[in-house]
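1. any chance you could fold what I've pasted below:
(one chain, ligands or ions: 1)
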Amino acid sequence: MKLKIAILAGDGIGPEVTREAVNILKAIAEFGGHDFSFTEALLGGIAITAEGTPLPKQTIDIALDADAVLLGAVGDNKFNHLTPDKRPEAGLLQIRQVLGGFANLRPCLAFPALADNSPLRPEVTKGVDILFVRELLGGLYFGQPRSWNEETGEAINTMRYTKSEVTRVARIAFDLARKRRKKLTQVDKANVLECSQLWRATVDELKSDYPDVTVEHQLVDSMAMHLMNVPRNFDVVLTENLFGDILSDESGIITGSLGMLPSATLGGKVNLYEPVHGSAPDIAGTGKANPLGAILTAAMLLRHSAGLEQDATAIEAAVAEVLNAGHRTADIARGNVGATVTTQQMGKLVHQALAQSIDRSQSLHGV
Ligand code: NAD
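-> Next up is the predicted model:
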């Protein structure tokens with residue numbers, strides 16, 4: 001299969017972790033006989049230095065011409081004196097807008113080997129595999145009117161949704177639930193908010209199109225508690241923008257490190273894939289960055305933009321295998337594991353585990 005991938009590695013640890021993710025994608029292309037092309041473009045601080053703007057026109061063109069965009073992270077302390085609209089992070093917000101994705105997918109997976117990294121007890125996190133689907137372009141973050149009048153001491157934000165905005169993201173969540181354990185939990189505050197009542201009614205209306213999916217509704221306040229008490233109860237969790245922002249960050253507690261978390265944003269002109277973490281200037285250039293979030297992001301790219309489900313699963317299994325064997329970057333090293341590995345070594349270990357699993361499956365097919 002042919003796939004054009006735009007690489008926006010960005011700043012700090014962005015290029016370090018993205019390099020490892022691209023190596024894994026190249027391995028998948030080589031093993032599977034696929035034709036993946038990679039075009040690099042500037043975003044963030046590196047683009048400000050080279051072009052005077054965090055999102056150059058050429059980057060927009062390359063991204064829009066691609067089948068998928070793989071992003072590292074942006075942010076560089078040396079631009080902290082600039083106004084927000086000129087800083088590296090402005091480039092990130094702009095590229096998200098240009099690509100126009102409205103469904104933000106954040107998996108929350110408990111790797112058994114990292115059970116000790118979570119402050120939750122291992123029996124609580126065991127087997128957790130949740131996929132958050134967060135609406136990304138509506139709600140309080142974008143609704144008008146919005147204002148802060150310092151003289152009158154009044155500030156206004158508006159939560160506003162239309163039925164079609166809810167329907168399009170809900171359909172993505174239903175479709176994803178179908179491919180997983182067929183359970184959809186829709187989170188809202190329908191006991192207080194009309195917007196939430198619209199969400200609930202719209203999701204209920206769609207249910208008949210997906211008779212194989214079980215739907216439940218949860219109020220966001222009780223959901224925040226259930227996530228920490230019984231996270232195994234959830235499969236696909238669908239939320240509006242603000243609630244999804246908070247709940248998906250809360251669920252990071254289950255996985256144990258920011259460096260492990262992938263994400264994807266679907267539904268726009270081109271899908272965008274990025275690890276959840278930032279540019280981590282405190283460890284940039286030290287080889288301490290955990291590349292597994294970026295590598296798991298590459299797996300999401302194969303799943304959602306190329307339909308290569310088996311390859312995506314093989315990458316996730318290779319990550320689990322490397323962790324089971326006791327290898328750790330500094331952020332996930334706890335207890336009595338041996339010496340920590342660098343970003344590059346971790347990437348190579350996943351590559352080796354992936355190559356071995358593909359060799360094994362090819363020799364099985366040959367039998
Ligand atoms: P951060 O995610 O960069 O780092 C938070 C902490 O987690 C740091 O201690 C860092 O060392 C650690 N960490 C993050 N990723 C890691 C990894 N892969 N491996 C090991 N440790 C990791 O968040 P921050 O410090 O608040 O922000 C730093 C810069 O990144 C800022 O400029 C911020 O605006 C930017 N940022 C960008 C994005 C993005 O590009 N999507 C997201 C968040 C923050």
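
2. near the ligand, which residues of the protein are found?
-> 13, 17, 73-75, 89, 92, 258-259, 274, 277-283, 289-290, 293, 331 (Cβ under 6 Å from any ligand atom). All C-beta atoms are positioned from the backbone trio N, CA, C, and that covers glycine.

3. now these: which count as buried?
-> 13, 17, 73-75, 89, 92, 258-259, 274, 277-281, 283, 289-290, 293, 331 (16 or more other Cβ atoms under 10 Å).

4. can you list the buried residues in the lengthiest helix in the chain?
-> The longest helix of the chain (DSSP state H) is helix 343-366. Residues 343, 345-347, 349-351, 353-354, 357-358 are the ones in helix 343-366 that count as buried (16+ other Cβ under 10 Å).

5. tell me which two of these sit farthest apart.
-> Largest separation among those by Cβ to Cβ: T343 and I358, giving 22.9 Å.

6. in the chain, where's the longest strand?
-> If you go by DSSP state E, the chain has its longest strand at strand 2-10.

7. so in that sheet, which strands flank that one, and in what orientation?
-> Partners of strand 2-10 in the sheet, by DSSP bridges, are strand 35-40 (parallel), strand 68-73 (parallel).

8. pick the most buried one from these.
-> strand 68-73 (a mean of 28; mean count of other Cβ atoms under 10 Å).

9. I'd like the distance from that one to the chain centre, please.
-> Centroid separation for strand 68-73 versus its chain: 11 Å, with Cα atoms, centre = their mean, to the nearest Å.

10. before we move on, what about stretch 226-236?
-> With Cα atoms, centre = their mean, you get 19 Å for stretch 226-236.

11. any idea how far Q197 is from the residue in the stretch 101-250 of the chain that the ligand sits nearest to?
-> Per Cβ to the nearest ligand atom, D249 is where the stretch 101-250 of the chain lies closest to the ligand, at 10.9 Å. According to Cβ to Cβ, to the nearest Å, D249 stands 25 Å off from Q197.

12. same question for P54.
-> For P54, the distance to Q197 - Cβ to Cβ - is 39 Å.

13. which one's more surrounded, those two?
-> P54 (29 against 14; other Cβ atoms under 10 Å).

14. SS state for the more buried one?
-> coil (DSSP: H, G, I helix; E, B strand; the rest coil).

15. how about the closest residue to it other than its chain neighbours, what does it touch?
-> Excluding its sequence neighbours, the residue lying closest to P54 (Cβ to Cβ, 6 or more residues apart in numbering) is G91, at 2.9 Å. For G91, the contacting residues are 43-44, 47-48, 53-55, 59, 74, by Cβ atoms under 8 Å, 6 or more residues apart in numbering.

16. mind redoing it with 10 Å?
-> 8, 10-11, 42-48, 53-56, 59, 74-75 (Cβ atoms under 10 Å, 6 or more residues apart in numbering).

17. also R181?
-> R181 touches 129, 131, 213-214, 234-236, counting by Cβ under 10 Å, 6+ apart.

18. and the helix or strand containing L131, what does it pack onto?
-> Per DSSP states H and E: L131 is located in strand 129-135. With contacts defined as 3 or more Cβ pairs under 10 Å, 6 or more residues apart in numbering; DSSP states H and E, strand 129-135 has these neighbours: strand 103-109, helix 163-179, strand 183-188, strand 236-239, helix 241-255.

19. quick check: buried residues in the helix or strand following it?
-> Note on strand 129-135: by DSSP H and E, the next helix or strand toward the C-terminus is strand 147-149. Within strand 147-149, no residue is scored as buried using 16+ other Cβ under 10 Å.

20. wait, is R334 part of a strand?
-> No - counting by three-state DSSP, R334 falls outside a strand, being coil.

21. how many neighbours does D11 have?
-> 30.

22. can you name every helix or strand that the helix or strand of the chain with the lowest mean pLDDT contacts?
-> Across the helices and strands of the chain, mean confidence by mean pLDDT, DSSP states H and E is lowest for helix 343-366: a mean of 87. Under the contact criterion of 3+ Cβ pairs under 10 Å, 6+ apart, helix 343-366 touches helix 14-32, helix 292-305, helix 309-324.

23. could you export those helices to CSV, including columns for mean pLDDT?
-> Shown next, in CSV, are those (pLDDT from 0 to 100):
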stretch, mean pLDDT
helix 14-32, 97
helix 292-305, 98
helix 309-324, 96
